[in-house]
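Peer 1: turn this into a model:
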Amino acid sequence: MPPQERGRASAEAATASQPAMSRVPPIGADIGKSREPRKSRAPREEWHRVGMDFHIELARLSGNEFLFRAVRDAMTRLSRARWLEVRDEAALGRAWAEHHAILAAVRAGDAGEAAHRLSAHIVGSRDRLVTSLHNDRRGLRARGFAVVAA
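Peer 2: Here you go, the predicted model:
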């Protein structure tokens, strides 16, 4: 299942039932309490963890164990690449805003909006990562990373 479809399935399942809705606060706990990155002194490692937890907990909320495991495993595999996505304040701010918008749609019970925002977040993150890898290819190779064209 492509990432966008996994995101849609997770968002739709998360907004579909009252029991699921009662579990929404835990996925927003860190994000809801967190301040915008440029207003926070939290280290990048903390922002990385909060972002990773957000994706995993949103998948858990779907109640679909297969989906949960797939997202958890994908986030683990993408961990290094995600460092490139959150390496500056602008990127952190963008991710923070996108996560808040997804969470707001889930809390509102709007599956279509949550799925749309989640899909846009996934596609945008992928596109920014590919651009970053392309632009930083020489520097990454100098640091020992193998960058293979897809």
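Peer 1: how about the contacts made by the spatially most central residue of the chain?
Peer 2: In the chain, the centroid-proximal residue (CA atoms, centre = their mean) is H55; its distance is 4.7 Å. Residues in contact with H55 (CB atoms under 8 Å, 6 or more residues apart in numbering) are V71, M75. Every C-beta, even on glycine, is put in place using the N, C-alpha and C of the backbone.
Peer 1: for the chain, what helix or strand is lowest in average pLDDT?
Peer 2: helix 18-21 (a mean of 48; mean pLDDT, DSSP states H and E).
Peer 1: which stretches of this protein form helices?
Peer 2: With helices called from DSSP state H, the chain shows them at 3-16, 18-21, 24-33, 44-61, 65-77, 79-85, 89-108, 111-135, 137-142.
Peer 1: of those helices, which shows the lowest average pLDDT?
Peer 2: Of all the helices of the chain, mean pLDDT reaches its minimum on helix 18-21 (a mean of 48).
Peer 1: how far out from the middle of the chain is stretch 49-69?
Peer 2: Distance of stretch 49-69 from its chain centroid, counting by CA atoms, centre = their mean, to the nearest Å, is 10 Å.
Peer 1: buried ones in that stretch?
Peer 2: 50-64, 67-68 (16 or more other CB atoms under 10 Å).
Peer 1: could I get the CA-only coordinates of it as PDB?
Peer 2: Presented in PDB, the C-alpha positions along stretch 49-69 are these (Å, rounded to 0.1, in the frame of the first residue of the first chain):
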ATOM      1  CA  ARG A  49      11.400  12.100  18.300                       C
ATOM      2  CA  VAL A  50       8.200  14.100  18.600                       C
ATOM      3  CA  GLY A  51       7.700  13.900  14.800                       C
ATOM      4  CA  MET A  52       8.400  10.200  14.700                       C
ATOM      5  CA  ASP A  53       6.000   9.500  17.600                       C
ATOM      6  CA  PHE A  54       3.300  11.500  15.900                       C
ATOM      7  CA  HIS A  55       3.300   9.300  12.800                       C
ATOM      8  CA  ILE A  56       3.500   6.100  14.800                       C
ATOM      9  CA  GLU A  57       0.800   7.100  17.200                       C
ATOM     10  CA  LEU A  58      -1.500   8.300  14.400                       C
ATOM     11  CA  ALA A  59      -1.100   4.800  12.800                       C
ATOM     12  CA  ARG A  60      -1.800   3.100  16.100                       C
ATOM     13  CA  LEU A  61      -5.000   5.100  16.500                       C
ATOM     14  CA  SER A  62      -6.300   3.500  13.300                       C
ATOM     15  CA  GLY A  63      -6.600   0.200  15.300                       C
ATOM     16  CA  ASN A  64      -5.100  -1.600  12.400                       C
ATOM     17  CA  GLU A  65      -2.100  -3.600  13.700                       C
ATOM     18  CA  PHE A  66      -0.700  -4.200  10.200                       C
ATOM     19  CA  LEU A  67      -0.800  -0.500   9.400                       C
ATOM     20  CA  PHE A  68       0.700   0.400  12.700                       C
ATOM     21  CA  ARG A  69       3.600  -1.900  12.200                       C
END
